[in-house]
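Visitor: I would like to see how this sequence folds:
(chains A and B)
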Number of protein chains: 2
Amino acid sequence: MRTILVVGDGMADRPLKELGGRTPLEAAETTNLDAVAKGGVCGIMDILTPGLPPGSDVANLTLLGYDPFESYRGRGALEATGAGLDVGPGDVAFRGNFAYLDDEGVVVDRRAGRVDGTVFREYLSDISLSAYPGVEVTVMPTLGHRLAVVLKGESLSWRISDIDPHKTGVRVLRSMSIDGTAEAKRTAAIANELYSVLREKMIRNPLNRERAARGLPPANTVLLRGAGAIPAVKPLTEEYGVRGACVAVTPTVRGSCLSAGFDLYDAPGATGGVDTDTIGKAEIVEGVLPRYDVVFLHVKGADNASHDGDPRLKISVIEKIDAMVGHLLDNIAIEETYIAVTADHTTSTRTRDHTGDPVPVAILGPEVIPDIAEKYSEQDCARGGLGRIRGKELMPILLNLQDKVELYGS
Amino acid sequence: MRTILVVGDGMADRPLKELGGRTPLEAAETTNLDAVAKGGVCGIMDILTPGLPPGSDVANLTLLGYDPFESYRGRGALEATGAGLDVGPGDVAFRGNFAYLDDEGVVVDRRAGRVDGTVFREYLSDISLSAYPGVEVTVMPTLGHRLAVVLKGESLSWRISDIDPHKTGVRVLRSMSIDGTAEAKRTAAIANELYSVLREKMIRNPLNRERAARGLPPANTVLLRGAGAIPAVKPLTEEYGVRGACVAVTPTVRGSCLSAGFDLYDAPGATGGVDTDTIGKAEIVEGVLPRYDVVFLHVKGADNASHDGDPRLKISVIEKIDAMVGHLLDNIAIEETYIAVTADHTTSTRTRDHTGDPVPVAILGPEVIPDIAEKYSEQDCARGGLGRIRGKELMPILLNLQDKVELYGS
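Guide: Below is the predicted model of the structure:
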């Protein structure tokens, strides 16, 4: 018995005027998602608690079965491990952007013209902090203008605020302790020192002359944010004795799956954007499925389309997810596989942001108790037999269907 | 975007024989409540936990989004602040009745013939406790035979038992510490001393001679109960950055709303009883709505009718609430307003008391996902798309619909 958990990032929505009061899931042609809903058991799910919008990092940890309020320790480490960096217990990691500051130190472009930061990789490979010689620093450019940073050393804390001001037209911030502990104060000071060192390096960076010659903004600083430690979790694979695989591009999702003990797989043509090839993802899942108990299959694009406020684009990504699920239904042994479909959160195409609305969930498989829901939509799933569940409850429900959950009591 | 939360106190019920097995909500003509249910999303809601009957004080704090088991600290302070008294951190307040004891000290009439206690206001304006000179006492007659008392001083605790025996034919009780702490023991002793002082004053009270001449029972004591401190809550208005208004007569509800940081409004003709003018309340709400994000609109009467065991009277109050909601629907901009209707608890007209049954809830507004529920009733709302939620979840659900809840995670 196996489970494929299909997560359509930000796929759920609210009724939209542009769609005549329908949600994108209602407006899209979703024959295969609807087949999962019609043949399976459906429900709605509050990822965290009713009304509370989840960040992507928290949401994916929760879908892996972890209590978000206990396990979450910031985004940085999820993103860094997802990008292939080693982050161990006690380490602190950051996300960051290569960015452009003017001569007054004011942020002009938070992405430095969407510079490809991998060109700076070698140049940033040897960073040391003279005031903190015991702290080992790794800087790794990742996708586009993004980077990850890992600090290793004694007495570090992830409870510090961002240097990235998250907007243009202002100066960068100084990192501060959030919880007032000595560790957090020390780590904030380390982050500020690291910022100064990286800023000096980036100002002197010879590649910026080339960029200037081509009329491009210089990448003359690094904005750090999202300090985090590895989540306080026991790998799901150990907890339940299962083998897990993850097919995802988004670093945070990959990092969450790594925390759960899952193996990571890349799919050809998977981009993490709206142009992603979902059939390639289905084929990878079909290939690895025989070796795993649980496959976490994440598709990002619908969330991007929502953040861009584009309902038609969102519908097109949903239809690609539908085609992916169709490919799975055609090629897996459904008599020994559960397919669950859900979203990691609702993203409103009107507000262009995550909301705290529940997401629809549908589970098809050999031993589910079916219900009257016929369509994979926010409205129809609310009539389903699962009722209203919490995000952290989905994974135990799936593992239980596979008979992988041990008795409590005797 | 705005929200009006309509709370029909004790409006929910169980099927009643007198109504042919229908509940008062089912038997009443409720075109407007049904319009909210039919166009909106419905559900049932356990104010606390399934089966646990909530007190009015706890229920209203919970509807304001607070965890009742963490935030509740007795009724006294809610009632005192709701009546306009100042109760700060560390203070302890009581509710009380003017009452009549016979010569043996036995309670004959817990309301002293429903005396209008405001006549004693001046007479009780200067109370001091010789054994506790550091404790400042304020006694304030409120509505009818009721009063509020506030103690200010060092080391006070609200964890003490009532002096009011809550029945006739017995002697008054001595207040005792509930939790065994030094503060509670001291406060119980203060309450007992205060009782003696008030009893002496009331026995000597010259107005009782007039009452005797008119054949009325003397108000010769004050029964104290419901010791309380201000709830352990952060104002909702600060937590979510919203502006809140409260239209209610009942002191406990007003006090709860004050704790949440809401402004209080009075409505002409609102009495807190079954004779209240609900249209006047609707008009006040319509007037203040443009200045607020959330309006808490409470109508007490249906609870009174239930405590009196009168289903026909309860139906008539429900129909007045329905007319109030109709007035709102006719006069507000529904495209930018959410109207939620619920009860703070079920009150059984048979047992004449609160029960632990869930209450129906319906939310109408621009971005709700509708469902198949067509009537605002206990039975129909149980088929709705909200499923079964908890009382403390309603406010975050409403604030999320207004995009007022911040992301957890990133």
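Visitor: Which residues lie in contact with the closest residue to chain B within the stretch 101-250 of chain A in this structure?
Guide: Proximity of the stretch 101-250 of chain A to chain B (C-beta to the nearest C-beta) peaks at A:Gly226, 5.6 Å away. Heads up, the C-betas are built off the backbone N, CA and C, glycines and all. By C-beta atoms under 8 Å, 6 or more residues apart in numbering or on different chains, A:Gly226 lies in contact with A:74-76, A:79, A:94-95, A:162, B:410.
Visitor: what kind of secondary structure is it in?
Guide: Using DSSP: H, G, I helix; E, B strand; the rest coil, the structure places A:Gly226 in strand.
Visitor: For the stretch 1-150 of chain A, which residues are neighbours of chain B?
Guide: Neighbours of chain B within the stretch 1-150 of chain A, by C-beta under 8 Å from any C-beta of the partner chain: A:14-15, A:23, A:44, A:48-59, A:68, A:72, A:74-75.
Visitor: Tell me the buried residues within these.
Guide: Buried by 16 or more other C-beta atoms under 10 Å in any protein chain shown: A:14-15, A:23, A:44, A:48-59, A:68, A:72, A:74-75, out of these.
Visitor: Of the residues you listed, which belong to strands?
Guide: Among those, the members found in strands (DSSP state E) are A:Ile44.
Visitor: Which members of the buried ones among the residues of the stretch 1-150 of chain A next to chain B are positioned in helices?
Guide: Judged by DSSP state H, those include A:56-59, A:68 as members of helices.
Visitor: can you redo the contacts of A:Gly226 as TSV with distance to B:Pro360 and pLDDT?
Guide: TSV is the format used below for the contacts of A:Gly226 (distance: C-beta to C-beta, whole Å; pLDDT from 0 to 100):
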residue	distance to B:Pro360	pLDDT
A:Gly74	41	94
A:Arg75	40	94
A:Gly76	45	95
A:Glu79	44	91
A:Phe94	48	97
A:Arg95	45	95
A:Asp162	44	97
B:Ser410	37	87
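Visitor: From the opening residue of stretch A:352-360 to its closing one, how far?
Guide: From its first residue to its last, stretch A:352-360 covers 19 Å (C-alpha to C-alpha, to the nearest Å).
Visitor: How about stretch A:168-177?
Guide: Stretch A:168-177 end-to-end distance (C-alpha to C-alpha) = 23 Å.
Visitor: is that stretch up against chain B anywhere?
Guide: No - if you take C-beta under 8 Å from any C-beta as the test, stretch A:168-177 misses chain B, and the best it gets is 15.3 Å.
Visitor: cool, and stretch A:294-308?
Guide: No - using C-beta under 8 Å from any C-beta, we find that stretch A:294-308 stays clear of chain B, coming within 12.9 Å at best.
Visitor: Next, the distance between the ends of that stretch.
Guide: Stretch A:294-308 end-to-end distance (C-alpha to C-alpha) = 32 Å.
Visitor: How far away from the center of its chain is it?
Guide: Relative to the mean C-alpha coordinate of its chain, stretch A:294-308 is positioned 9 Å out (C-alpha atoms, centre = their mean, to the nearest Å).
Visitor: Could you tell me which residues within that stretch count as buried?
Guide: Here stretch A:294-308 shows A:294-307 as buried, counting by 16+ other C-beta under 10 Å.
Visitor: what's the answer for stretch A:102-117, then?
Guide: The neighbour-count check on stretch A:102-117 (16+ other C-beta under 10 Å) flags A:107, A:109-113, A:115, A:117 as buried.
Visitor: contact partners of it?
Guide: A:97-101, A:141-142, A:144-147, A:164-172, A:211, A:216-220, A:223.
Visitor: at 7 Å what do you get?
Guide: If you take C-beta atoms under 7 Å, 6 or more residues apart in numbering or on different chains as the criterion, stretch A:102-117 is touched by A:97-101, A:141, A:144-147, A:165, A:168-172, A:216-219, A:223.
Visitor: Take these and keep only those in helices.
Guide: Counted as lying in helices by DSSP H, out of the contacts of stretch A:102-117, is not a single one.
Visitor: ranges for the strands of the stretch 51-200 of chain A?
Guide: A:92-101, A:107-109, A:136-141, A:146-152 (DSSP state E, counting those that start in this stretch).
Visitor: From the chain's centroid, how far away is the shortest one?
Guide: Taking C-alpha atoms, centre = their mean, one finds the center of strand A:107-109 at 26 Å from the center of the full chain.
Visitor: Adjacent strands (with direction) for that strand?
Guide: Neighbouring strands of strand A:107-109 in its sheet, by DSSP bridges, are strand A:92-101 (antiparallel).
Visitor: First-to-last residue distance for stretch A:325-336?
Guide: By C-alpha to C-alpha, one end of stretch A:325-336 lies 16 Å from the other end.
Visitor: Also stretch A:50-60?
Guide: Stretch A:50-60 has its terminal residues 17 Å apart, counting by C-alpha to C-alpha.
Visitor: same check, this time on stretch A:22-30
Guide: Terminal-residue distance, stretch A:22-30 (C-alpha to C-alpha): 14 Å.
Visitor: Enumerate the positions of that stretch that are buried.
Guide: Neighbour-count burial for stretch A:22-30 [16+ other C-beta under 10 Å]: A:22-28, A:30.
Visitor: Need the residues that contact that stretch.
Guide: Here stretch A:22-30 makes contact (C-beta under 7 Å, 6+ apart) with A:11-16, A:19, A:311, A:314-315, A:318-319, A:322, A:349, A:376-378.
Visitor: Compile the buried residues of stretch A:102-117 into a markdown table and extend it with columns for pLDDT and distance to A:Val368.
Guide: Formatted as a markdown table, these follow (pLDDT from 0 to 100; distance: C-beta to C-beta, whole Å):
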| residue | pLDDT | distance to A:Val368 |
| --- | --- | --- |
| A:Val107 | 97 | 51 |
| A:Asp109 | 95 | 50 |
| A:Arg110 | 94 | 46 |
| A:Arg111 | 93 | 45 |
| A:Ala112 | 94 | 50 |
| A:Gly113 | 90 | 50 |
| A:Val115 | 93 | 49 |
| A:Gly117 | 93 | 46 |
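Visitor: Same list, those residues, but as CSV with distance to A:Lys392 please.
Guide: CSV is the format used below for those (distance: C-beta to C-beta, whole Å):
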residue, distance to A:Lys392
A:Val107, 37
A:Asp109, 39
A:Arg110, 33
A:Arg111, 34
A:Ala112, 38
A:Gly113, 41
A:Val115, 38
A:Gly117, 35
